[in-house]
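Peer 1: sequence unavailable; structure follows:
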């Protein structure tokens with residue numbers, strides 16, 4: 001039987017109201033509307049005597065109308081209605097613009113409760129467009145606000161001419177739900193629609209088992225829905241939100257655990273490490289770190305099992321994630337299987353190929369025959385790469401999106417390694433996984449540390465491994481903020497400091513947020529390169545979060561011209577690198593920089609991930625406030641990778657105490673990526689964790705917040721696991737089964753199945 005929550009709003013409310021809710025807020029069903037929760041609750045405030053009112057106070061007063069006057073506005077068409085009220089000890093003016101009809105309601109002698117914010121007009125206190133309830137009619141209308149944030153008209157006061165103090169106080173203290181609204185669908189209109197729906201809604205089944213609710217002392221789903229939308233006091237909506245927040249976590253974790261079980265139900269070819277990996281390990285000129293050994297053992301156990309591995313490896317910049325992935329590839333090669341490494345950019349794909357070939361050594365590289373497959377290969381090179389891939393001649397295939405093409409086929413795809421998962425769409429990752437004759441094992445790498453609660457909420461169907469330990473010999477990077485807003489004279493010192501590093505035979509990166517400069521207002525992302533992930537919204541968010549208007553975003557073009565004219569860098573070899581260059585040109589420049597033939601590389605975020613130049617000791621990030629926390633941390637990780645100290649200068653024109661400046665200073669204050677990941681999460685929204693967008697933007701989480709609800713998410717996962725273990729098909733839990741189907745629509749379910 002269909003749930004009442006699946007009923008169409010057009011049936012429950014009528015076509016016109018339903019159409020407005022759908023167009024403005026995307027609400028289609030009764031369940032959509034019921035789960036459109038208030039974003040906050042307004043208070044009418046304590047009952048306040050007129051003689052005690054202060055400008056700016058939100059007040060509620062019991063008073064009597066003494067006079068009503070209407071006058072024309074001088075400069076504009078229309079009128080002003082001024083209503084003078086008194087509590088017997090003082091007077092206050094109520095002001096209504098272009099609402100002359102209220103004179104019929106607010107006639108002299110009427111008594112009621114009036115609520116609003118005290119303003120000042122020419123030295124007189126007033127309430128503009130207040131909310132009110134008259135005592136002599138239950139149908140007396142409160143103000144009909146045009147502001148979508150305004151409260152609903154209130155008709156909850158008793159119909160009596162002798163309203164007692166207790167009733168007045170209850171009305172004054174009742175919370176007013178304020179809903180996310182639009183210019184065409186105000187909060188009070190949403191509340192009215194909800195009232196109609198709630199009055200006719202039959203009893204709702206609870207997806208959270210009664211035993212779990214009892215253990216956590218939660219009200220039922222039906223009661224929570226009523227209390228969250230129509231609370232009598234603060235304890236009502238607080239208990240309702242507690243129950244609904246837990247339910248959201250419980251349903252989400254049940255979905256992730258179901259998906260995890262579904263993945264494990266399919267068969268995969270076991271891949272057992274052998275002589276190839278043993279020989280590789282024996283030839284390594286260094287010892288694996290403790291974390292690398294632990295994660296390697298976890299991966300080996302997964303590969304040897306008869307079910308597909310689905311593991312996320314997160315680690316600090318330079319912690320050796322690629323080495324761990326390479327060891328997994330060699331384990332797969334032992335049984336004749338192939339591995340595909342999907343990289344987000346051509347620069348990184350080339351870098352991976354060179355790094356893998358070098359790490360394998362001549363003999364093993366000749367045996368594994370690492371192959372590159374990108375969209376910029378010549379016809380002959382592409383044919384050769386495709387032949388090596390389909391014949392099994394190459395055990396390791398490294399590529400970009402070109403790996404996903406229909407013409408690309410594998411002989412025996414056993415392992416898919418995805419570098420920086422958030423760079424790829426869900427469908428792209430799934431397309432590569434589908435190229436295996438049997439489900440391949442999947443290993444996801446990310447250099448962006450993920451807070452535990454995010455990992456459970458976004459990647460709850462993956463096993464998560466962490467590499468926090470850095471290889472021995474790494475010297476910590478010095479990080480400094482260069483605050484040009486307060487210290488404009490420091491601008492020249494930046495390039496003098498770079499020249500000092502170059503004098504020691506070292507190299508430097510200069511990172512710009514744009515390719516071509518232009519004058520912009522804060523928050524304008526035009527010209528900001530998206531080739532390597534700058535399009536996460538960090539640039540625009542950072543500027544909008546606090547940077548003032550600036551004359552020009554630092555660009556590769558303008559910076560190249562500036563450095564060419566800089567006396568400090570006279571005679572130095574300076575080149576530019578960005579995503580708009582041809583692939584072969586980008587590769588040539590990176591090879592030259594890695595070989596030491598370029599002193600200073602002026603680049604966009606195309607060098608953010610994976611680029612390894614041990615002799616590069618210095619990085620200057622211009623307009624650092626245009627980047628996000630994790631992006632700044634990733635960029636900084638490009639220096640200090642050899643035996644020389646690393647230096648990173650975060651240059652910013654953001655003002656002190658702005659959010660943009662706070663973000664830059666947070667990165668400069670620590671090298672701990674996990675600490676920064678938590679800070680990043682606190683500074684921005686957690687994103688759409690159930691859709692393709694995974695940073696910023698509108699979240700599909702309704703009440704749950706991964707920043708603050710970590711303990712609740714953990715507990716919900718434990719309870720969901722217990723329910724699914726005892727009842728995998730949820731035959732005894734039809735309400736939970738329905739909630740999963742309702743919460744996880746076809747698009748979201750597809751996302752989870754491909755994650």
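Peer 2: Nice, I can see it. As the structure is a computational prediction, the values presented were derived from the model and not from experiment. Numbering: from 1, shown residues only.
Peer 1: and the helices in the stretch 601-750 of the chain?
Peer 2: Under the criterion DSSP state H, counting those that start in this stretch, the stretch 601-750 of the chain contains helices at 629-636, 659-669, 673-683, 710-726, 734-743, 746-754.
Peer 1: got those as CSV, with distance to residue 4 and mean pLDDT columns?
Peer 2: Yep, even glycine has a C-beta here, placed from its N, CA and C like the rest. Output for the helices of the stretch 601-750 of the chain, formatted as CSV (distance: least, Cβ to Cβ, whole Å; pLDDT from 0 to 100):
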stretch, distance to residue 4, mean pLDDT
helix 629-636, 43, 86
helix 659-669, 43, 90
helix 673-683, 36, 74
helix 710-726, 23, 91
helix 734-743, 11, 85
helix 746-754, 21, 45
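Peer 1: go through these and pick out the most buried.
Peer 2: Across the helices of the stretch 601-750 of the chain, averaging neighbours per residue (mean count of other Cβ atoms under 10 Å) puts helix 629-636 on top, at a mean of 26.
Peer 1: tell me the helices and strands packed up against that helix.
Peer 2: strand 616-621, strand 646-652, helix 659-669, helix 673-683 (3 or more Cβ pairs under 8 Å, 6 or more residues apart in numbering; DSSP states H and E).
Peer 1: any chance of those in CSV, with distance to residue 217 too?
Peer 2: What follows is the helices and strands packed on helix 629-636, written out as CSV (distance: least, Cβ to Cβ, whole Å):
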stretch, distance to residue 217
strand 616-621, 50
strand 646-652, 48
helix 659-669, 38
helix 673-683, 29
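Peer 1: returning to what we had before: so for residue 350, which of the helices of the stretch 601-750 of the chain sits nearest?
Peer 2: helix 629-636 (18.3 Å; Cβ to Cβ).
Peer 1: please give the centre-to-centre distance between the closest one and its chain.
Peer 2: 16 Å (Cα atoms, centre = their mean, to the nearest Å).
Peer 1: can you check stretch 437-447 too?
Peer 2: For stretch 437-447, the distance to the chain centre is 23 Å (Cα atoms, centre = their mean).
Peer 1: just name the shakiest helix or strand of this structure by mean pLDDT.
Peer 2: helix 538-544 (a mean of 34; mean pLDDT, DSSP states H and E).
Peer 1: what mean pLDDT does the helix ranked longest in the chain get?
Peer 2: Taking DSSP state H as the criterion, the chain has its longest helix at helix 234-265. On average, the pLDDT along helix 234-265 is 90.
Peer 1: give me the residues contacting the helix or strand following that helix.
Peer 2: Per DSSP states H and E, the first helix or strand lying C-terminal to helix 234-265 is helix 275-283. For helix 275-283, contacts defined as Cβ atoms under 8 Å, 6 or more residues apart in numbering pick out 288, 327, 330-331, 333-334, 360-361, 364, 367.
Peer 1: just how off-centre is helix 275-283 within its chain?
Peer 2: 41 Å.
Peer 1: tell me the helix or strand right after that helix.
Peer 2: helix 290-304.
Peer 1: and that next one, which residues are buried?
Peer 2: Using 16 or more other Cβ atoms under 10 Å as the test for burial, helix 290-304 gives 291-292, 294-296, 298-300, 302-303.
Peer 1: same question, stretch 78-97
Peer 2: 80-85, 87, 91-96.
Peer 1: also stretch 374-381?
Peer 2: Buried, per 16+ other Cβ under 10 Å, within stretch 374-381: 374, 376-377.
Peer 1: buried ones in stretch 346-363?
Peer 2: Under the neighbour-count criterion of 16+ other Cβ under 10 Å, stretch 346-363 has 346-357, 360 buried.
Peer 1: now do the same end-to-end measure for stretch 191-211.
Peer 2: The straight-line separation of the ends of stretch 191-211 (Cα to Cα, to the nearest Å) is 32 Å.
Peer 1: and that stretch, how far out from the chain middle?
Peer 2: 30 Å.
Peer 1: contact partners of that stretch?
Peer 2: 3-5, 12-13, 17, 21, 30, 33-34, 36, 151-153, 177, 179, 213, 218, 220-222, 225-226, 229-230, 243, 246-247, 250-251, 723, 733-736, 738-740.
Peer 1: mean confidence for it?
Peer 2: Averaging pLDDT residue by residue across stretch 191-211 gives 92.
Peer 1: likewise stretch 57-66?
Peer 2: On average, stretch 57-66 scores 78.
Peer 1: which parts of it are buried?
Peer 2: The neighbour-count check on stretch 57-66 (16+ other Cβ under 10 Å) flags 59-63, 65 as buried.
Peer 1: burial of residue 8, as a residue count?
Peer 2: 14 (other Cβ atoms under 10 Å).
Peer 1: what sits against it?
Peer 2: Residue 8 touches 18, 28-30, counting by Cβ under 8 Å, 6+ apart.
Peer 1: check residue 336 too.
Peer 2: Counted by Cβ under 8 Å, 6+ apart, residue 336 has contacts 392, 412.
Peer 1: shouldn't it be within a helix?
Peer 2: No - counting by DSSP: H, G, I helix; E, B strand; the rest coil, residue 336 is located in no helix; its state is coil.
Peer 1: if we can go back for a sec, closest one of the buried residues of stretch 374-381 to residue 646?
Peer 2: For these, the nearest to residue 646 is residue 374 (29.9 Å; Cβ to Cβ).
Peer 1: looking at it, that closest one is touching residue 584, isn't it?
Peer 2: No - in terms of Cβ atoms under 8 Å, residue 374 does not count as a neighbour of residue 584; the distance is 10.4 Å.
Peer 1: so which residues make contact with stretch 230-237?
Peer 2: So stretch 230-237 is contacted by 38, 41, 170, 173-175, 177, 195, 198, 227-228, 240 (Cβ under 8 Å, 6+ apart).
Peer 1: now do the SS call for residue 126.
Peer 2: Strictly by three-state DSSP, residue 126 counts as strand.
Peer 1: residues contacting residue 603?
Peer 2: Contacts of residue 603 by Cβ under 8 Å, 6+ apart are 509-512, 556, 576-578.
Peer 1: next, count neighbours for residue 727.
Peer 2: Residue 727 sits with 14 neighbouring residues when counted by other Cβ under 10 Å.
Peer 1: for it, which residues are in contact?
Peer 2: Applying Cβ under 8 Å, 6+ apart, the residues contacting residue 727 are residue 733.
Peer 1: now a ChimeraX select for only the buried ones of the contacts of helix 275-283.
Peer 2: Only the buried entries of those go into this ChimeraX selection, using 16+ other Cβ under 10 Å:
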select :288,327,330,331,333,334,360,364
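Peer 1: pop the domain breakdown of this protein in here.
Peer 2: 41-178, 275-305+319-446, 477-670 (automatic domain parsing).
Peer 1: from the chain's centroid, how far away is stretch 723-736?
Peer 2: 31 Å.
Peer 1: measure it end to end?
Peer 2: Taking Cα to Cα, stretch 723-736 runs 10 Å from one end to the other.
Peer 1: circling back: out of the contacts of residue 603, who's nearest residue 130?
Peer 2: residue 512 (52.8 Å).
Peer 1: check contacts around the closest residue to that closest one other than its chain neighbours.
Peer 2: In this structure, residue 512 finds its nearest non-sequential neighbour in residue 554, 4.6 Å apart by Cβ to Cβ, 6 or more residues apart in numbering. Counting by Cβ under 8 Å, 6+ apart, residue 554 makes contact with 512-514, 517, 622-623, 651.
Peer 1: next up, phi/psi of residue 554, please.
Peer 2: phi -60, psi 130 (degrees, to the nearest 10).
Peer 1: next one: it, what pLDDT does it get?
Peer 2: 92.
Peer 1: one more: residue 274?
Peer 2: 91.
Peer 1: the nearest residue to it once chain neighbours are set aside and residue 635: what is the separation?
Peer 2: Spatial nearest neighbour of residue 274, chain neighbours left out: residue 334 (4.1 Å); criterion: Cβ to Cβ, 6+ apart. From residue 334 across to residue 635, the span is 37 Å (Cβ to Cβ, to the nearest Å).
Peer 1: any idea how far residue 26 is from residue 20?
Peer 2: 12 Å.
Peer 1: likewise residue 66?
Peer 2: 47 Å.
Peer 1: what's the answer for residue 438, then?
Peer 2: 40 Å.
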